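Enquirer: after the sequence you'll find the predicted model.
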Amino acid sequence: MLSMTQSPDDHAARIRSEASAWLARLRSGDCTPDDTEHFNAWLAAAPQHREAYRRAERLWADLAALSRVAQPQLRQAQRFYARSRAKRRWRAAGLAAAAMLTGILALNPAIWHWLNAEPYQTAKGMRRTVLLSDGTSIELNTDSALRVFYSGQRRTVWLERGEAWFNVFHDSDRPFEVVAGDGRIRDIGTQFNVRRDLDRVSVAVRDGEVAVFAKSQAAPLHVNAGQQTRYGEAGGAEPVQTSDLMAISAWRNGILLVKNRTLAEVAEELERYHPVAIDVTDAKLCGLAVSGRFPANDLELTLKTIATALPVQVVAVDRDHIAIRPNR
C-alpha cells in the first residue's frame, strides 16, 4: 500500500530498485536458501513485483547482447557489486547496480537506442520487406535479424545476423547507418547489400555510395556503385573491388546464383536456407567447383542438379541430416 507521502512514481521506482537488488543477489553465486525464501515471498506479495522482476531480467539479457558497447561500465558495476557483496551489503549493492545501470544508459546512448529499437527477423527459407516511415525499405534474406531505431536526429539499423538489402531515402540531416559486427556503414544516398556471417561483414553497393567505418581503421572507406568490400574482427576493411551484383542480389528473387564456388561453400550456403545439416564426407569433394542457378526454396532440386553435374551422390541420413558422398 502507498504511504501518504509516497507518490505512485516513487513507489514504482522503489519496486524497480528492489527487483534489481533481488536479481543481483540471486545471480551472485552465494545465494542462500533463506534468501530464496525471502525472494519468493517478495515476488508473491504483489503482481507489480513479478512484472518488475521480469523486466529486470529482460533488460539484463538485452544488455548482455551489447557487452562490447558497455563493457567498461559493466566491469565497473561488477567490481562494485563484488566488493559490496563481500561486506554482506547485498541490498545496497543491488540498489547501486540499478543506479549503475541508469548511468550506463546515460553514458552510452547507443544502448538506449538499441533497447528501444524495433526488431525484425526471418526464419530459414523466408524473406521479408520492411517499409520504414521515411520511405526507406529493407529486404531481409533468410535467417536474418535486425533492429531499427528512428529519432529526430538519427536513423540506425543493427544487423545482428544474416543479410539485408537497403534502399535508403537520403536525408542529410538524419544520417542512416547500419551497425554490423565491428563496423558500421553510413549511407550517402544509395542502394546496398550487407551480409553478416558471425563477425565477417560484406558490403556491396548498387547505386550511390556508402562510407564504411571498420573497427581499426582511422578513416572511412568509400564504396561506390558496382563496388564491394569486407571487414572483420581482426582489422580494417579490405581494399575496394568490383562486385558481382547479379550474384549478390539474386536472393531477392529467390535465386542462389553460384559462380565457381567450392562444394563445401555451396553446402554451407544451402544450410542458411534450409533447416538441415549438409555434410560433405570426403575431403577431396570439398574443393570441387560448382556453378549454377538454383531455386533457394527447393533443396531437393538443387542437390539433384549438383549430383548430376559432379561425381557425387546425395544421401538423406535422416530428416535433418544430408550427406554428400563420392559417387561409387
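Expert: Received it, and whenever you're ready, just let me know what you need.
Enquirer: which residue ranges of the stretch 1-150 of the chain form strands?
Expert: With DSSP state E, counting those that start in this stretch as the definition, the stretch 1-150 of the chain shows strands at residue ranges 118-121, 128-131, 137-140, 145-150.
Enquirer: got the domain ranges for the chain?
Expert: 8-109, 117-244, 254-326 (automatic domain parsing).
Enquirer: so how far is the first residue of the second one from its last?
Expert: Chord length of domain 117-244, first to last residue, is 32 Å (C-alpha to C-alpha, to the nearest Å).
Enquirer: sorry, back to before: can you redo the domains of the chain as TSV with mean pLDDT and mean neighbour count?
Expert: For glycine as for every other residue, the C-beta is placed from the backbone atoms N, C-alpha and C. Output for the domains of the chain, formatted as TSV (pLDDT from 0 to 100; neighbours: other C-beta atoms under 10 Å):
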stretch	mean pLDDT	mean neighbour count
domain 8-109	64	15
domain 117-244	91	18
domain 254-326	95	16
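Enquirer: just the strands in the stretch 201-328 of the chain please.
Expert: Counting by DSSP E, counting those that start in this stretch, residue ranges of the strands within the stretch 201-328 of the chain are 209-214, 221-224, 227-231, 241-242, 255-262, 277-280, 289-295, 312-318, 321-326.
Enquirer: partners of the longest one in the sheet?
Expert: It refers to strand 255-262. Strand 255-262 has the following sheet partners, assigned by DSSP bridges: strand 289-295 (antiparallel).
Enquirer: what's near enough to touch the closest residue in space to G232 that isn't next to it in sequence?
Expert: Nearest non-adjacent residue to G232, counting by C-beta to C-beta, 6 or more residues apart in numbering: R200, 4.8 Å away. Applying C-beta atoms under 8 Å, 6 or more residues apart in numbering, we find R200 in contact with 181, 230-232.
Enquirer: still on that earlier bit, could the strands of the stretch 1-150 of the chain be laid out in TSV, adding distance to V212?
Expert: Listed next are the strands of the stretch 1-150 of the chain as TSV, based on distance: least, C-beta to C-beta, whole Å:
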stretch	distance to V212
strand 118-121	23
strand 128-131	23
strand 137-140	18
strand 145-150	17
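Enquirer: out of those, which comes closest to G226?
Expert: Closest of the strands of the stretch 1-150 of the chain to G226 is strand 137-140, at 19.4 Å (criterion: C-beta to C-beta).
Enquirer: now for the longest strand seen in the chain, which elements pack on it?
Expert: The longest strand of the chain (DSSP state E) is strand 155-167. For strand 155-167, the packing partners by 3 or more C-beta pairs under 8 Å, 6 or more residues apart in numbering; DSSP states H and E come out as helix 109-115, strand 137-140, strand 145-150, strand 176-180, strand 191-197.
Enquirer: grab the nearest non-local neighbour of W251.
Expert: Leaving aside its chain neighbours, W251 sits nearest to N141 (5.1 Å; criterion: C-beta to C-beta, 6+ apart).
Enquirer: isn't the one you found right next to K124, touching?
Expert: No. Taking contacts as C-beta atoms under 8 Å, N141 lies outside contact range of K124: 10.4 Å.
Enquirer: just to revisit the earlier point, what lines up beside the longest strand of the chain in the sheet?
Expert: strand 137-140 (antiparallel), strand 145-150 (antiparallel), strand 176-180 (parallel), strand 191-197 (antiparallel).
Enquirer: so which of these gets nearest W165?
Expert: Comparing the strands paired with strand 155-167 by C-beta to C-beta, strand 137-140 comes nearest, at 4.2 Å.
Enquirer: tell me the pLDDT of I111.
Expert: Note on I111: pLDDT of 58.
Enquirer: V168 contacts T190, doesn't it?
Expert: Yes. At 6.1 Å, V168 counts as touching T190 under the criterion of C-beta under 8 Å.
Enquirer: mind listing what the spatially closest residue to L26 that is not a sequence neighbour touches?
Expert: In space, L26 comes closest to F39 once its chain neighbours are excluded; the distance is 6.4 Å by C-beta to C-beta, 6+ apart. By C-beta under 8 Å, 6+ apart, F39 lies in contact with 22, 25-26.
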